[in-house]
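**Student:** what follows is a predicted protein model with its sequence.
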Amino acid sequence: MKKIAILVSGKGTNMKHIFQAIKSRMLYNSMVNLVISDRWCIAIQYALEKNIPVFSLIRTNKKFLSKEIDNILDIYIPNIIVLSGFLSILDTKFCEKWFSKVINIHPSLLPKYGGKGMYGMKVHQEVIKNKEKISGATVHYVTKNVDLGDVILKKKCKIDSGETPTSLSKKVSVIEKEILIQSINNLKN
C-alpha cells in the first residue's frame, strides 16, 4: 500500500481529487495517511472529516517549518509527499532528505511560468498577458530550486481567443487532476 502525505495551504482541490481517486479506484493501492498545512485552511476541515491525521503548522520561518514537517514525516513515513497547493518553500536540507519522494503539481508548462511567486491565478494572468497560445500543467519532483525538479508528467491545452485567467484556470485544473493521479500511480516509491 502506497502511503501518501499531502501538504496543503488552501482549498485542497487537488487533495480532494486524490481522495476521490482512491475511493473510485482510479488511484490504486494507495492511501492518504497524513495531511499537513502551513496555515489554517479549508483543506484541513476536509481531511479531518475523512479521519486523516492532520497537522496545521505556523510559518514562523522557512527552516523551522521544514524541520517541523520533517519530524512529522519521520513518524508517518509516507512513500510519496504531494505538495497540493502548498505555498511555503521547503529548505534545501528537507529537499535533499526526501529527494524523489516529494512531488508538486504546477499550473503551467514548466519551466515557463515557474519559480518563486508563480502560483495559482498569478500564473494564468501572466500566461494571458504574454499572449501564449498553449498552457497546461506539470507534475515534477521538488528540489531546492523552486519548480526546477525533473518533470514527471506534463500535459498541454490550447488557449482560445478571448481566454481569461479564470477560464484558463478551469481548463488547467482538469489537466492537473488527470496528470497528478497518473503520476502517483506511476511512481514506484
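**Tutor:** That came in fine, so what should we check first? Residues are numbered from 1 along each chain as shown.
**Student:** Ile175 in helix, strand or coil?
**Tutor:** Three-state call for Ile175 (DSSP: H, G, I helix; E, B strand; the rest coil): helix.
**Student:** is it in contact with Cys157, as I believe?
**Tutor:** Yes: counting by C-beta atoms under 8 Å, Ile175 touches Cys157, with 6.0 Å between them. For every residue, glycine as well, the C-beta is placed using N, CA and C.
**Student:** neighbour-wise, which of those two wins?
**Tutor:** Just comparing Ile175 and Cys157: by other C-beta atoms under 10 Å the higher neighbour count belongs to Ile175, 19 against 16.
**Student:** which SSE is the spatially closest residue to the more buried one that is not a sequence neighbour in?
**Tutor:** Leaving aside its sequence neighbours, Ile175 sits nearest to Ala137 (C-beta to C-beta, 6 or more residues apart in numbering; 4.5 Å). Following DSSP states H and E, one finds Ala137 within strand 134-141.
**Student:** tell me the mean pLDDT for that strand?
**Tutor:** If you average the pLDDT over strand 134-141, you get 98.
**Student:** what does whatever helix or strand comes next after that strand contact?
**Tutor:** The helix or strand immediately downstream of strand 134-141 is strand 151-158, counting by DSSP H and E. Outside strand 151-158, the residues within contact range by C-beta atoms under 8 Å, 6 or more residues apart in numbering are 103, 109-110, 133-141, 171-172, 175, 178-179, 182-183, 186-187.
**Student:** repeat that for 10 Å
**Tutor:** For strand 151-158, contacts defined as C-beta atoms under 10 Å, 6 or more residues apart in numbering pick out 103-106, 108-111, 133-141, 163, 168, 171-172, 174-176, 178-180, 182-184, 186-187.
**Student:** between strand 134-141 and it, find me the angle.
**Tutor:** 170 degrees (axes from the mean of the first three to the mean of the last three C-alpha atoms, to 10 degrees).
**Student:** just the CA atoms of strand 151-158, as CSV, please.
**Tutor:** This file holds the C-alpha atoms of strand 151-158, laid out as CSV (Å, rounded to 0.1, in the frame of the first residue of the first chain):
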residue,chain,number,x,y,z
VAL,A,151,9.4,16.6,-14.8
ILE,A,152,7.4,13.5,-14.1
LEU,A,153,4.5,14.3,-16.4
LYS,A,154,3.1,17.4,-18.3
LYS,A,155,0.1,18.0,-20.5
LYS,A,156,-0.9,21.0,-22.5
CYS,A,157,-4.1,22.7,-23.6
LYS,A,158,-4.8,25.3,-26.3
